[in-house]
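Visitor: with the input below, show me the fold.
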Amino acid sequence: MRLIHPAPSLTVVALSLALGAILAGQAGLDAFSPGLAFTTLAIAGSQILTGALNDWADRTRDALVQPTKPIPAGAVTERTALAVATAGATVQLAASVPLGWLPLLLGVVASGSALAYNLWLSRTPFSVVPYLVSFGILPLWVAAGVGVPLERVAAAPLLIGPFAAAAHLANTLRDFDADRMAGSRNLAQVIGRRATHAAAVVGALGVGVGVGMVLAIGERAPVVALVTGAAGVAALVVGAAAPRWLWSGTLIAAACWTISWALGTA
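Guide: Residues are numbered from 1 along each chain as shown. Below is the predicted model of the structure:
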């Protein structure tokens, strides 16, 4: 379970399931159709692939600075990590085939971007780029999987892009000292701890403001959308008080704002 990074993985899968159900329901489709089930399963497979391969790729670094991680701690072997990653890729591909070529292609591009992060970009100043690509594709992937026109979520990548960058920076804050000891040159290391914290908070709150503006100008924004939007802002403000809380606040804000945006822009 630790190998697949359960907190962010479960968050992504749960958000995808919720977004797919809301989009399908608003389009007059079955909110819990086989398409949503296959899409959610494919995204779960991609998260397993990404998490396990991340730990495998960082095994040497983790042995020096984070020896409690599953591979250096001896909880799993390198071969097991690769087997889990392969199983995740297999699940993703198998679940995507019944959905058609577009969801299959979008999923492959999203996972391919995540693999580029794990294997090459995570320790470079371009570490944020895969987050922009993979999470920007995610709402398109969900919409295509449940059979909703992509135009329905065309604006989503514009909101998700800066939030994905903020989430990346919030995540790297947790490992800032370890990354520095390992000689990493990711974006957080390049701009420094304080700038990373400020950029993460401002970027994420900017998305919250964008979602709030959409809801404010909507004529029929439901109360639950406004409430969940406010809850996301509160979680992020609380998380901004300390780097160790920011990641958790970001995950909660992601959940709240995804639901707010989907409900408030029906």
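Visitor: going by C-alpha atoms from here, please, whenever you check contacts or count neighbours.
Guide: OK.
Visitor: helix or strand: which one has residue 67?
Guide: When elements are assigned from DSSP states H and E, residue 67 belongs to no helix and no strand.
Visitor: what about it, how many neighbours?
Guide: Residue 67 has 15 neighbouring residues, counting by other Cα atoms under 10 Å.
Visitor: next, it: phi, psi?
Guide: With angles defined as degrees, to the nearest 10, residue 67 sits at phi -70, psi -10.
Visitor: let's number from 58 now, not from 1
Guide: Understood, numbering begins at 58; the last thing we discussed is residue 124.
Visitor: tell me if I'm right that it and residue 132 touch.
Guide: No - with contact defined as Cα atoms under 8 Å, residue 124 does not count as touching residue 132 (11.0 Å).
Visitor: quick one: average pLDDT of stretch 75-94?
Guide: Taken as a whole, stretch 75-94 has a mean pLDDT of 87.
Visitor: could you do stretch 296-306 as well?
Guide: Mean predicted confidence for stretch 296-306 is 84.
Visitor: please save the CA atoms from it in CSV.
Guide: Extracted as CSV, the C-alpha positions of stretch 296-306 are listed here (Å, rounded to 0.1, in the frame of the first residue of the first chain):
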residue,chain,number,x,y,z
GLY,A,296,-2.6,24.2,5.3
ALA,A,297,-0.7,27.3,4.4
ALA,A,298,0.2,27.9,8.1
ALA,A,299,3.0,25.3,7.9
PRO,A,300,4.7,23.4,5.1
ARG,A,301,3.9,20.0,6.7
TRP,A,302,0.2,20.8,6.5
LEU,A,303,0.1,22.3,3.1
TRP,A,304,0.0,19.0,1.2
SER,A,305,-3.0,17.8,3.1
GLY,A,306,-4.8,21.1,2.7
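Visitor: what does that stretch rub up against?
Guide: The contact list for stretch 296-306 (Cα atoms under 8 Å, 6 or more residues apart in numbering) reads 224, 227-228, 230-231, 254, 258, 289, 292-295, 307.
Visitor: tell me the buried residues in it?
Guide: With burial defined by 16 or more other Cα atoms under 10 Å, the residues of stretch 296-306 counted as buried are 296-297, 300, 302-306.
Visitor: what ranges do the helices span in this protein?
Guide: Taking DSSP state H as the test, the helices found in the chain are 63-83, 91-114, 116-122, 135-153, 158-173, 186-203, 213-231, 233-238, 244-248, 250-274, 280-296, 300-321.
Visitor: can you list the domains in the chain?
Guide: Domain assignment for the chain by automatic domain parsing gives 58-210, 212-323.
Visitor: distance from the last one to the middle of the chain?
Guide: Its chain's C-alpha centre lies 11 Å from the corresponding centre of domain 212-323 when counted by Cα atoms, centre = their mean, to the nearest Å.
Visitor: would you single out the least confident of the domains of the chain?
Guide: When those are compared by mean pLDDT, domain 212-323 comes last with a mean of 83.
Visitor: is it correct that residue 96 is in contact with residue 152?
Guide: Yes - using Cα under 8 Å, residue 96 is in contact with residue 152, at 6.9 Å.
Visitor: what about these two, which has more around it?
Guide: residue 96 (30 against 21).
Visitor: no further questions, thank you.
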